[in-house]
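[1] Here you go, sequence then predicted model.
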Amino acid sequence: MKIGIVSTGIYLPEDYITGEQIALLADLPVPVVEEKMGIKKKYVPGRNDHTCEMGIFAAKRALDKAGIDPLEIDLVIYIGEEHKEYPLWTAGIKLQEEIGARNAWAFDVALRCGTTVMALKVAKSLMIADPDIETVLLAGGYRNVDFIDYQNPRTRFMYNLGAGGGAVLLKKNHSENIVLDTKLITDGSFSEDVVVVAGGTKNPITKEAIEQRKNRLDVLDPEGMKARLEQKSMANFLRVIREAVRKSGFKEKDISYLAILHMKRSAHEYVLRELGLSEEQSIYLEDYGHIGQIDQILSLELALNEGKVKDGDLVVLVSAGIGYAWGATAIKWGKG
């Protein structure tokens, strides 16, 4: 059974900040931010750019591009962040209502920046298992930039966090843009390395917690995390790509385009080099920042607009997220 991508949608806020502005906020040299971190510009939320709302905007764009009536959707999977309009809230049900998918049911999933890749696997599995699920919408928004403290050097690797929304529309027996196999890895030894300390049940939010900036992202063991991550991160990153490709019946040399999340420039270049890919076979998101799990959708849309992805190409979406999680999904683009 073939599960194909019918369309995608992206929403980006009007507001943004530049690498120069980040350098000023963080008291860093501009070249460090622009060249080493790879942030020329990143999108930040405006007054009305709420998390689920940005996913709604993206979903509507995906539906418009596909020309599909929302009543045809059988399932909505919310792929946005848990940081959203309300703390205890199923955003997928709100998104379902706002786009008019009244015949669907909905739920939320979360794997930090690995959510889109994981959700593609979940959606495909459900579509294969349930004969009543023909059309699935994945959509959500991201604005974890709200948790960044530019005065905290322990979180410097997250200064690229931005804002935006993304959507993917899937259909059963759609003979184009076939979703192939997915490989996921999670490693719980990193599960409490990167957290927002205050705001949960262990440390409820208080006036003192806010004053101490414990309501922002922090790294509890920076040296230990760095040492452990250096041993595993790039190896796992390459492993999920290679395994997704192998499980899909292809070889590493068959990869035509890599839709990769934003990370520091040296890491991006390392991954391409290890896979034998050229710079033209990916897009470095230095003008967008890291929009979490939306990066893969954004990269794919940009590549299609620039003619970097053509019929017959093997495309791989790849992610890594705090927790830690690594994931990749292979897609055979064009008519299958």
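    Arrived safely. Numbers count the residues shown, from 1 in each chain.
[2] End to end on stretch 246-259, go ahead and measure it.
    Stretch 246-259 has an end-to-end distance of 17 Å (Cα to Cα, to the nearest Å).
[3] Residue numbering should commence at 126 henceforth.
    With the count now opening at 126, the last piece we talked about shows up as stretch 371-384.
[4] Next, the buried residues of that stretch.
    Neighbour-count burial for stretch 371-384 flags 373, 375, 377, 380-384 (criterion: 16 or more other Cβ atoms under 10 Å). C-beta coordinates here come from the backbone N, C-alpha and C atoms, glycine included.
[5] Helices of the stretch 326-461 of the chain, start to end?
    In the stretch 326-461 of the chain, the helices defined using DSSP state H, counting those that start in this stretch lie at 332-336, 347-372, 390-399, 420-430.
[6] what's the last one in contact with?
    The reference is to helix 420-430. Contacts to helix 420-430, defined as Cβ atoms under 8 Å, 6 or more residues apart in numbering, come from residues 133-135, 183, 238, 241-242, 289, 291-293, 382, 384-387, 407-408, 410, 413, 416, 433-434, 440, 442-444.
[7] closest to residue 280 out of the helices of the stretch 326-461 of the chain?
    helix 347-372 (9.0 Å; Cβ to Cβ).
[8] Okay, buried residues for the closest one please.
    Neighbour-count burial for helix 347-372 [16+ other Cβ under 10 Å]: 347, 350, 353-354, 357-359, 361-363, 365-370.
[9] what does stretch 385-396 give?
    Under 16+ other Cβ under 10 Å, the buried positions of stretch 385-396 are 385-390, 392-393, 396.
[10] so who does residue 139 touch?
    Per Cβ under 8 Å, 6+ apart, neighbours of residue 139: residue 171.
[11] ditto for residue 217
    If you count contacts by Cβ under 8 Å, 6+ apart, then residue 217 has 201-203, 231-233 around it.
[12] Just say helix, strand or coil for it.
    helix (DSSP: H, G, I helix; E, B strand; the rest coil).
[13] Which pLDDT value goes with it?
    Model confidence at residue 217, given as pLDDT, is 98.
[14] How is this structure divided into domains?
    As assigned by automatic domain parsing, the chain contains the domains 128-300, 305-460.
[15] mean confidence for the shortest one?
    Think domain 305-460. 96.
[16] chain center to that domain: distance?
    7 Å (Cα atoms, centre = their mean, to the nearest Å).
[17] Over to the first one?
    Computed by Cα atoms, centre = their mean, the chain-centroid distance of domain 128-300 equals 7 Å.
[18] end-to-end on it?
    End-to-end distance (Cα to Cα), domain 128-300: 8 Å.
[19] neighbours around residue 399, how many?
    15 (other Cβ atoms under 10 Å).
[20] what about the closest residue to it other than its chain neighbours, distance to residue 397?
    Of all residues not flanking residue 399 in the chain, residue 363 sits nearest, at 5.7 Å (Cβ to Cβ, 6 or more residues apart in numbering). Distance from residue 363 to residue 397, counting by Cβ to Cβ, to the nearest Å: 11 Å.
[21] Check residue 254 too.
    36 Å.
[22] the more surrounded of those two?
    residue 397 (18 against 8).
[23] Could you tell me how many residues sit around the nearest residue to the more buried one once chain neighbours are set aside?
    Distance criterion Cβ to Cβ, 6+ apart; nearest residue to residue 397, sequence neighbours excluded, is residue 407 at 6.0 Å. Residue 407: 23 surrounding residues under other Cβ under 10 Å.
[24] same deal with residue 316?
    12.
[25] Run through the residues that contact it.
    448-449.
[26] circling back to that earlier point, doesn't residue 398 make contact with the residue nearest to residue 399?
    No: using Cβ atoms under 8 Å, residue 363 is not in contact with residue 398, being 10.7 Å away.
[27] sorry, back to before: just the ones in strands from the contacts of residue 217, please.
    If you go by DSSP state E, these have 201-203, 231-233 in strands.
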